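> Sequence and predicted structure are below.
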Amino acid sequence: MGPFSAAKFSLEMPGLRPLLLGVGLVAVASHSPLQFDTPRTAYLTVLGVLNASQVAAGGSFTIELNATVTNVPATSGLRLQLHICPASVANAANSACVANSFNSDCESQTLHTSANTAEYEASLEVSYMLSPSAYPTTSLVFLLDACSAFALSPPVVPSVLVHFDVQLCAASSVCFGSAVVSLYAFFAVLSLMWTAMIGVWVANIVYFRHTFVTLQRRMLLVPVAEWLFMVMTTVSLHHEPSSLLSNVTASCRVISLAVAAHETLLIAHGWRITRDDVSVQQSMHYRVVSFIWAVTLTAVQTSVSVSLLIFLTWALSWALLTYMIWFHSAFNIAILRLQMDLVSRANIQPDTTPVYAKLRMFRVFRRCILGYFATVLAVDAAVSRLLPPPLRPLVPVVQELLYMAFCLGIGWTFRCRSFSAIFYVTFPEHVPAIAPETTAPPPTRDRQPWHEGVGLPTVPAHVMRMKSRAVVVVQSPGDETGLGTAALPKNTQAWRE
């Protein structure tokens with residue numbers, strides 16, 4: 001069977017001749033017959049069967065059904081229904097028809113009747129996802145239910161003409177009507193897009209090789225890890241399923257998630273932005289939380305059934321990861337706002353200083369985080385309502401595009417660049433920084449724009465609640481550089497001395 005199996009059942013079934021009152025032969029689709037040991041009422045018609053292997057393969061199917069009851073007028077009040085039932089339930093369909101009550105395991109749809117016709121005509125077009133976890137080892141039977149004819153006065157044995165068409169769409173394909181596109185084509189394009197992002201980021205680092213910082217080099221790991229996962233996903237979709245490919249792809253997924261979470265934590269922490277280093281304890285904490293979250297999320301997304309322990313571990317690690325990102329970024333924003341106030345009291349225009357540039361970076365960072373999470377939740381919530389089942393395999397592609405947009409936003413915010421005068425921070429090593437004024441400046445004294453060589457008031461070390469040597473607010477120790485800062489320009493060396 002190819003990625004798209006058009007299993008068509010075009011049946012022209014004339015009136016079912018009753019053997020007894022309300023008893024007749026059962027019409028069975030020729031492609032996969034299902035035999036019954038006992039006769040069925042003429043009010044039920046077996047249209048077709050999906051065998052257990054087709055169900056286990058997953059994917060989706062689309063049904064087109066048109067039915068005409070030649071011996072019942074359109075105004076009779078007859079109601080035709082389509083039931084999709086497991087084989088075990090279908091074997092008891094005769095009694096269900098008499099009681100006019102089908103098992104809850106069946107999916108039921110009422111056919112839409114046509115107006116302005118002499119004969120009773122009804123049609124239905126519906127799509128469903130195949131769920132191997134729900135029916136792992138059973139076939140699915142399609143039943144046309146005309147049991148409401150029992151309620152007609154006098155009762156009528158329906159004479160039905162049916163056109164029934166089923167189109168199967170494999171789980172590894174996207175079906176646009178009769179057109180079929182394999183998922184590996186989408187992921188191959190995504191792999192090329194991530195390759196382009198890696199190339200742009202490397203070119204950016206090389207071009208600004210005199211100003212880039214360690215954080216920006218570490219950020220390159222994010223697109224590289226995601227590119228590796230996209231390549232393995234493409235390979236696994238293009239080849240026959242195997243446990244080796246599945247395990248390697250899942251491992252690449254874990255690496256990609258862990259790297260992304262860890263680098264996001266470093267940005268939120270302010271590494272090389274407001275803080276010069278991360279303690280060993282914090283670094284291990286970040287790595288452990290990121291790895292646990294990545295492993296459990298991969299297990300939740302790829303497993304048919306997930307244990308409660310794994311789910312709770314994922315939920316706890318996710319909550320902890322979110323809290324750390326939000327707490328650290330909020331702490332950095334609060335410190336930078338405090339320093340902005342000190343700069344303002346020193347009669348310097350705050351929006352011309354590196355402090356303002358760093359504050360803006362953290363604000364954009366938080367907006368990107370919020371926007372990404374909100375968009376992903378909105379897309380997941382809208383999938384079941386907007387996308388028909390044959391297009392559901394596109395969901396991972398859409399999510400990957402959203403993640404790519406998020407990475408582009410973060411990458412643009414923290415990109416390498418030739419820092420202008422706003423970014424230069426050249427505190428003399430032996431000259432103390434400007435102390436903030438204790439009183440408000442005189443009304444006649446205007447704030448001056450900041451420029452190179454002008455010191456800025458720093459936040460007191462006790463406010464940071466850590467050793468002052470481990471904190472860089474707007475200055476870098478010695479000749480170290482940080483994001484939003486630059487190495488000391490040559491023309492300021494004499495002034496330093």
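That came in fine, so what should we check first? Numbering: from 1, shown residues only.

> Show me the domain layout of the protein.
4-171, 182-413 (automatic domain parsing).

> residue boundaries of the strands in the stretch 151-300 of the chain?
Ranges of strands within the stretch 151-300 of the chain are 160-169, 173-176, 179-182, based on DSSP state E, counting those that start in this stretch.

> where do the helices sit along this protein?
Remark: helices assigned in the chain by DSSP state H are 52-56, 87-90, 93-99, 183-207, 214-219, 221-238, 243-269, 280-302, 308-345, 354-386, 395-413, 461-464, 493-496.

> ok, now which ones touch the residue nearest the centre of the chain?
Taking C-alpha atoms, centre = their mean, the centroid of the chain lies closest to residue 399, which sits 3.7 Å from it. Going by C-beta atoms under 8 Å, 6 or more residues apart in numbering, residue 399 touches 376, 379. Yep, even glycine has a C-beta here, placed from its N, CA and C like the rest.

> any idea which of the domains of the chain scores lowest on pLDDT?
Mean pLDDT is lowest for domain 4-171 among those, at a mean of 68.

> could you dump the helices of the chain to JSON lines with distance to residue 144?
As requested, the helices of the chain are exported to JSON lines (distance: least, C-beta to C-beta, whole Å):
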{"stretch": "helix 52-56", "distance to residue 144": "20"}
{"stretch": "helix 87-90", "distance to residue 144": "12"}
{"stretch": "helix 93-99", "distance to residue 144": "11"}
{"stretch": "helix 183-207", "distance to residue 144": "33"}
{"stretch": "helix 214-219", "distance to residue 144": "59"}
{"stretch": "helix 221-238", "distance to residue 144": "36"}
{"stretch": "helix 243-269", "distance to residue 144": "39"}
{"stretch": "helix 280-302", "distance to residue 144": "38"}
{"stretch": "helix 308-345", "distance to residue 144": "41"}
{"stretch": "helix 354-386", "distance to residue 144": "27"}
{"stretch": "helix 395-413", "distance to residue 144": "32"}
{"stretch": "helix 461-464", "distance to residue 144": "74"}
{"stretch": "helix 493-496", "distance to residue 144": "89"}
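
> before we move on, back to that, quick one, which of the strands of the stretch 151-300 of the chain is nearest to residue 363?
strand 173-176 (38.3 Å; C-beta to C-beta).

> Now do that closest one: everything it contacts.
3-4, 59-60, 62, 167, 169, 180-183, 186, 390-391, 393-394.

> Just the buried residues of those.
Among those, those classed as buried by 16 or more other C-beta atoms under 10 Å are 3-4, 59-60, 62, 167, 169, 180, 182-183, 186, 390-391, 393-394.

> so which of these would you say is closest to residue 143?
residue 62 (17.6 Å).

> got a list of what residue 332 touches?
Contacts of residue 332 (C-beta under 8 Å, 6+ apart): 268, 270, 273, 274, 358, 362.

> From residue 335, how far off is the second one?
Think residue 270. Taking C-beta to C-beta, to the nearest Å as the measure, residue 270 falls 9 Å from residue 335.

> shared neighbours of these two, anything?
By C-beta under 8 Å, 6+ apart, no residue touches both residue 270 and residue 335.

> The two: who's more crowded?
residue 270 (27 against 22; other C-beta atoms under 10 Å).

> Can you report phi and psi for the more buried one?
phi 90, psi 20 (degrees, to the nearest 10).

> Now do the residue lying closest to it once chain neighbours are set aside against residue 271, distance only.
Nearest residue to residue 270 in three dimensions, chain neighbours excluded: residue 332, at 4.6 Å (C-beta to C-beta, 6 or more residues apart in numbering). Between residue 332 and residue 271 the computed distance is 10 Å (C-beta to C-beta).

> Perfect, I'm done here.
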